[in-house]
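Engineer: Got a predicted structure here, sequence first:
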Amino acid sequence: MESKQVGVVGAGISGLVTCKYLLQKGFQPVVFEAGRSIGGVWASPLGSTRLQTPAELYQFTDFPWPESVTGAPNHKQVMEYLEAYARRFDVIRHVRFGEKVVGLEYVGPDQEEMEAWDLWGGTGDGFAGAGRGVWHVTVEKEDGAKEEHVMDFVVLCLGRFSGLPKIPSFSESKGPEAFNGKVIHSMDLAKMGSSVAAEFVKGKRIIVIGFLKSALDVAAECADINGVELPCTMIVRTKRWNLPDFSAWGVSFGYYYFNRFSELLFHKPGEGIMLSLLATLLSPLVNAFSTYFSSYKLHV
């Protein structure tokens, strides 16, 4: 089979891994990256951002961390690790920086024919048999100029946080316009850069809405800048606990949440009767695990 050209959108972690495996399979990958750096969300995080997991739980299977990196690496260490990975597997030369994908068009069989297919591509082949279709990929460069590339296949590696902040909707006159202070998204704070962000936060009373990774990063950043004099307030919908490590009374979280068994505890889209029944029967274990670890938190 002739070597196929595959377009990869995004040079974050997923894009780097995709490019690496495409090269190993003999394809010709082209990675389109809108920014000037690999790394995705790790390229411009808040200064205090670090992994919330130990290094050994966040690594490529074929590229371990340096022995000097222990615990939960900070964002600079993560970027150095990703850059080393890209160099090791010769990925960088396939990345086109400063080129944002603004259009994708599939040129091939019409919609009516595709809807009649029982198999992907009509044949079960990812490339639709003998070159029946191609993708026209339109990219916009930093100077505003546009180019079109023809690809045999396209892989989207944009991630969940590709420059699109998730803003909740508010009823009329109940949103940011009714608030006397400044309302920004965590992405906006990260884009400011460390020095500008520090100046923006310094001396202000900050309220963070949410309790996931970005919210905790913002709270940590505010704590580093303002200290105890102006503590940051977090507003969350449900009570949550942050534990100092991945064990409680000597029992590791991994036995419950980091294995295949944990997947059986929750209902999933498209699940069959057996998986649905298992999730229903095993769901009380979720509350049992949460109660166990919450009890530990209250006693430490």
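Structural biologist: That came through, no problem.
Engineer: Identify each buried residue in the longest helix seen in the chain, please.
Structural biologist: Longest helix in the chain, counting residues (DSSP state H): helix 273-299. Under the neighbour-count criterion of 16 or more other Cβ atoms under 10 Å, helix 273-299 has 279, 289, 293 buried. (C-beta placed from N, C-alpha, C; glycine too.)
Engineer: Please give me every residue in contact with the first one.
Structural biologist: The neighbourhood of residue 279, defined by Cβ atoms under 8 Å, 6 or more residues apart in numbering, consists of 264, 265, 266, 267, 268, 271.
Engineer: got a winner among those residues for most neighbours?
Structural biologist: The most crowded member of the contacts of residue 279, judged by other Cβ atoms under 10 Å, is residue 265 (17 neighbours).
Engineer: Spit out the contact partners of that residue.
Structural biologist: 279, 282, 283, 285, 286 are the contacts of residue 265 under Cβ under 8 Å, 6+ apart.
Engineer: now do residue 105
Structural biologist: With contact taken as Cβ under 8 Å, 6+ apart, residue 105 is in contact with 135, 136, 138.
Engineer: Could you do residue 249 as well?
Structural biologist: Listed by Cβ under 8 Å, 6+ apart, the contact partners of residue 249 are residue 296.
Engineer: what residue ranges in the protein score low on pLDDT?
Structural biologist: By pLDDT under 70, the weakly predicted segments of the chain are 1-2, 121, 126-131, 161, 241-246, 254-255, 258, 297-300.
Engineer: Break down it into its strands, ranges please.
Structural biologist: Along the chain, the segments classed as strands by DSSP state E run 5-9, 28-33, 95-97, 99-107, 134-141, 146-151, 153-156, 207-209, 233-235, 247-248, 251-252.
Engineer: Present those as CSV; the columns should include distance to residue 167.
Structural biologist: Shown next, in CSV, are the strands of the chain (distance: least, Cβ to Cβ, whole Å):
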stretch, distance to residue 167
strand 5-9, 23
strand 28-33, 25
strand 95-97, 28
strand 99-107, 21
strand 134-141, 24
strand 146-151, 29
strand 153-156, 22
strand 207-209, 11
strand 233-235, 16
strand 247-248, 36
strand 251-252, 37
